[in-house]
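**Q** model the structure of this input:
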Amino acid sequence: MARVAISVSCTDQDRRELERLSNSRTDEARLVERAKIVMGCLAGKRNDEIAAELGIRPGTVGIWRRRFAAEGLKGLRDRKRPGKPPRYPPSELRNRLLAQIEQPPPAGQATWDGGSLSKALGVSDDAVWRLLRKEGIQLQRHRSWCVSTDPQFAIKSADIIGLYLNPPQNALVISVDEKPSIQALERASGFVFTSSGKLVRGLKSTYKRHGTINLFAALNVATGTIQSKTTTTKKRPDFQAFLDEVVADVPADREIHVILDNYCTHKKNDDWLAAHPNVHFHFTPTSASWLNQVEIWFGIMTRKALRGASFNSIDQLAQAINDFIAAYNDKAAPFVWRKRDVKGSQLRNTIANLRN
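**A** A predicted model of the protein is given here:
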C-alpha cells in the first residue's frame, strides 16, 4: 500500500511569508526552494509531483514537508551543526600567539606581521589573522605617550592646573610658547578625482622653500584670545621683546602668571623678571609640555591655516597667520581643561598596548 504524505497547513501570515520567500531574488536559494516545496504541499500536490516541477528528489520534498508540519516556518532554516573540529586548539593557539608577540621580531624586521607570526607558530596565515581580529590586536597601529620623569611633577602640575581651574583674583593668566621654523612652502594644490571616482585634495610633489619664520603666542586662559608676534629668530631677546608687548597694557599692580615649558630661551630671564615684579613664571614639568594650553591652539592653527597651504614668501605666511588669529579671536572661548588619565599598565610593553 502506498504511503500517504503528511498533510500540512499554516496561518495566513505564514502563507504570506512563504509566498514572499518563494518569489524572492535576494534570500538564500535553499530557503526559496524550501518555500516552493511547502507551497506545493499546501496546494495538495504529491511529493513526486513537486519534485518533478522543481527538479529535485521526492525524498527531499518529504524531508521539508515533515519539518514544516512539525516546526512551521522556523523548520525551514538550517539547524546548527558542530562544524569541522578546529585544527588548532583555540585557547592553546591564543596563548602561544600572545606570548610570541612579546618576543623580539625576526632578524631584519622591526615589528611582527601576520606572515612572520604564522611561520614562527607553525600555523596558517588565516588562523593568525582570525585570532588577531578576535583579540582586537593591531600589529601596525602605533600609539605614543609622553611620561614625565620630573621628581617635582606633582607639585608643578598641580600649580599649573590650579591656575587654570582657580586663578588668583584679578590676576592675568597667560599660556606662552613659540612655534619655531614655520616654513613658507610654495606648492600647487587643488581637488582631483582619483581612480575610484572620489574627490580628494591633491598636492604637487615638488615645492619651493621661501624661508622660515617663528611665531610667539600668548593665550589668555580666561578669554581664549591670542596675542602673537612673528620673528625671523627665536633667541632670548626675541622672547623678552614679545613679553614686553604682552604686558605693556597690563597695569603694573596686576599680577601676571605666565605658564611656560622648559625651552632654553624661557630660562635665565632674571633681569627681565626683576624689571617686571608683577610677572611670575610657572614652568611645566619636564616632558610635560602638554600641560601648556597654548599647545592646543598651535594644533588648531596648524590644521586650519598651515596644512596644505601655499605661500610665495615669508611675508605672505606671516599675513596668513595674522589673518587666522584675527578671525580666531572674534569667536575665541576658553578651553575646558581636561586630560585623560594614563594608567600604569599602558606604560609597559604589554599586549593591551596593541589593541584598539
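**Q** any idea where the helices of the stretch 201-350 of the chain begin and end?
**A** Ranges of helices in the stretch 201-350 of the chain, per DSSP state H, counting those that start in this stretch, are 236-247, 270-275, 294-301, 314-330.
**Q** tell me the domain ranges of this structure?
**A** 12-76, 90-135, 153-330 (automatic domain parsing).
**Q** export these to a markdown table and append columns for mean pLDDT and mean neighbour count.
**A** Bear in mind the C-beta positions are built from the backbone N, C-alpha and C, glycine included. Converted to a markdown table, the domains of the chain look like this (pLDDT from 0 to 100; neighbours: other C-beta atoms under 10 Å):
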| stretch | mean pLDDT | mean neighbour count |
| --- | --- | --- |
| domain 12-76 | 93 | 16 |
| domain 90-135 | 91 | 14 |
| domain 153-330 | 92 | 15 |
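**Q** so who does residue 7 touch?
**A** residue 69 (C-beta atoms under 8 Å, 6 or more residues apart in numbering).
**Q** please report phi then psi for it.
**A** phi -80, psi 140 (degrees, to the nearest 10).
**Q** how far away is it from residue 333?
**A** Using C-beta to C-beta, to the nearest Å, residue 7 is found at 76 Å from residue 333.
**Q** try residue 197
**A** 40 Å.
**Q** residue contacts, residue 233?
**A** With contact taken as C-beta under 8 Å, 6+ apart, residue 233 is in contact with residue 214.
**Q** ok, now residue 161?
**A** By C-beta under 8 Å, 6+ apart, residue 161 lies in contact with 291, 337.
**Q** help me confirm that it is found in a helix?
**A** Yes. Checked against DSSP: H, G, I helix; E, B strand; the rest coil, residue 161 lies within a helix.
**Q** separation between it and residue 286?
**A** To residue 286, residue 161 is 16 Å away according to C-beta to C-beta.
**Q** same check, this time on residue 328
**A** Taking C-beta to C-beta, one finds residue 328 at 30 Å from residue 286.
**Q** next: residue 130.
**A** Using C-beta to C-beta, we find residue 130 at a distance of 44 Å from residue 286.
**Q** repeat that for residue 84.
**A** Going from residue 84 to residue 286 by C-beta to C-beta gives 58 Å.
**Q** cool, residue 88 as well?
**A** Relative to residue 286, and taking C-beta to C-beta, residue 88 is found at 48 Å.
**Q** before we move on, what about residue 274?
**A** In terms of C-beta to C-beta, residue 274 sits 26 Å off from residue 286.
**Q** cool, residue 269 as well?
**A** In terms of C-beta to C-beta, residue 269 sits 18 Å off from residue 286.
**Q** same check, this time on residue 273
**A** On the measure of C-beta to C-beta, residue 273 and residue 286 end up 21 Å apart.
**Q** cool, residue 172 as well?
**A** Distance from residue 172 to residue 286, by C-beta to C-beta: 26 Å.
**Q** for residue 295, same thing?
**A** From residue 295 to residue 286 the distance is 15 Å (C-beta to C-beta).
**Q** what's the answer for residue 64, then?
**A** Residue 64 is 75 Å from residue 286, where distance means C-beta to C-beta.
**Q** so in the chain, which strand runs the longest?
**A** Counting residues, the longest strand found in the chain (DSSP state E) is strand 172-186.
**Q** by contact count, what packs against it?
**A** Counting contacts by 3 or more C-beta pairs under 8 Å, 6 or more residues apart in numbering; DSSP states H and E, strand 172-186 is packed against strand 208-220, helix 236-247, strand 256-260, helix 294-301, helix 314-330.
**Q** CSV for those, including distance to residue 114?
**A** Formatted as CSV, the helices and strands packed on strand 172-186 follow (distance: least, C-beta to C-beta, whole Å):
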stretch, distance to residue 114
strand 208-220, 41
helix 236-247, 51
strand 256-260, 46
helix 294-301, 34
helix 314-330, 44
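**Q** closest one to residue 53 among these?
**A** When these are compared for distance to residue 53 using C-beta to C-beta, the nearest one is helix 294-301, at 69.8 Å.
**Q** return the distance of the closest one from the chain's centre.
**A** Centroid displacement of helix 294-301 relative to its chain, using C-alpha atoms, centre = their mean, to the nearest Å, is 19 Å.
**Q** try stretch 96-114
**A** Chain-centre distance of stretch 96-114: 24 Å, with C-alpha atoms, centre = their mean.
**Q** that one: end-to-end distance?
**A** Start-to-end span of stretch 96-114 (C-alpha to C-alpha, to the nearest Å) is 14 Å.
**Q** now stretch 294-309
**A** Start and end residues of stretch 294-309 are separated by 22 Å (C-alpha to C-alpha).
**Q** ditto for stretch 115-130
**A** End-to-end distance (C-alpha to C-alpha), stretch 115-130: 13 Å.
**Q** got a list of what residue 27 touches?
**A** Shown in contact with residue 27 (C-beta under 8 Å, 6+ apart): residue 21.
**Q** measure it to residue 77 for me?
**A** Taking C-beta to C-beta, one finds residue 27 at 11 Å from residue 77.
**Q** what does residue 55 give?
**A** The spacing between residue 55 and residue 77, counted by C-beta to C-beta, is 22 Å.
**Q** same deal with residue 8?
**A** Separation of residue 8 from residue 77 (C-beta to C-beta) stands at 17 Å.
**Q** more neighbours: which of those two?
**A** residue 8 (17 against 13; other C-beta atoms under 10 Å).
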